[in-house]
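Student: Have a look; sequence and predicted model below, questions after that.
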Amino acid sequence: KMEGIEQVVTEKTAEIDKLKQEHNLQLRISQDASERNMQRCSTLEAELKSLREQSATAKTDDSAPLQAELAKLRLEEETLRMQYQEKSDELDQLKTSLEAKDDEIDELTKKMAQGDSSHRFA
């Protein structure tokens, strides 16, 4: 009877040892998988960060030509405004000059009319 019990104990101990080994093996596999997943996660996070930086840089780079074009157009607009103001000032001077000439013509016309009338009566 004792040998039978020892046999069962030995078998059960062997079964327990086998289960412990399987458990430890599965635990190591699981830990390895977990570490690989963490490394992959870290790699993906780094790639994502890099892509976000590239995206921000690309947006900046894409807008750079537009910003340059906008600056060029603003400069052109300012130049045109200054030219408009200069021409407007010139036009005002010409109007003033024209008015002065009109006044001169009116004066000469009056003098001529007075001269004609004084010649008629003389």
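Tutor: Thanks, I have it.
Student: For Q31, give its distance to E45.
Tutor: In this view, Q31 and E45 are 21 Å apart by CB to CB, to the nearest Å. (C-beta placed from N, C-alpha, C; glycine too.)
Student: oh sorry, the question was meant for S88
Tutor: With distances defined as CB to CB, the gap from S88 to E45 amounts to 62 Å.
Student: Okay, now the unreliable bits of this structure?
Tutor: 116-122 (pLDDT under 70).
Student: tell me which residues in stretch 84-100 are buried?
Tutor: Using 16 or more other CB atoms under 10 Å as the test for burial, stretch 84-100 gives no buried residues.
Student: And the helices in the chain?
Tutor: With DSSP state H as the definition, the chain shows helices at residue ranges 2-121.
Student: roughly how far is stretch 80-90 from the heart of the chain?
Tutor: What separates the centre of stretch 80-90 from the centre of its chain is 35 Å, taken as CA atoms, centre = their mean, to the nearest Å.
Student: try stretch 82-100
Tutor: Shown here is stretch 82-100, whose average C-alpha point lies 43 Å from the average C-alpha point of the whole chain (CA atoms, centre = their mean).
Student: again, but for stretch 94-109
Tutor: Between the centre of stretch 94-109 and the centre of its chain there are 58 Å (CA atoms, centre = their mean).
Student: and what of stretch 40-56?
Tutor: Between the mean C-alpha point of stretch 40-56 and the mean C-alpha point of its chain there is a distance of 20 Å (CA atoms, centre = their mean).
Student: Output that stretch as CSV, nothing but the C-alphas.
Tutor: What follows is stretch 40-56 as a C-alpha-only set of coordinates in CSV (Å, rounded to 0.1, in the frame of the first residue of the first chain):
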residue,chain,number,x,y,z
ARG,A,40,6.8,48.4,-30.5
CYS,A,41,4.7,50.9,-28.6
SER,A,42,7.7,53.1,-27.9
THR,A,43,8.8,52.8,-31.6
LEU,A,44,5.3,53.8,-32.8
GLU,A,45,5.1,56.7,-30.4
ALA,A,46,8.5,58.0,-31.6
GLU,A,47,7.3,57.6,-35.3
LEU,A,48,4.1,59.4,-34.4
LYS,A,49,6.0,62.3,-32.8
SER,A,50,8.3,62.5,-35.8
LEU,A,51,5.3,62.5,-38.2
ARG,A,52,3.7,65.3,-36.2
GLU,A,53,6.9,67.3,-36.3
GLN,A,54,7.1,66.7,-40.1
SER,A,55,3.5,67.7,-40.5
ALA,A,56,4.0,70.9,-38.6
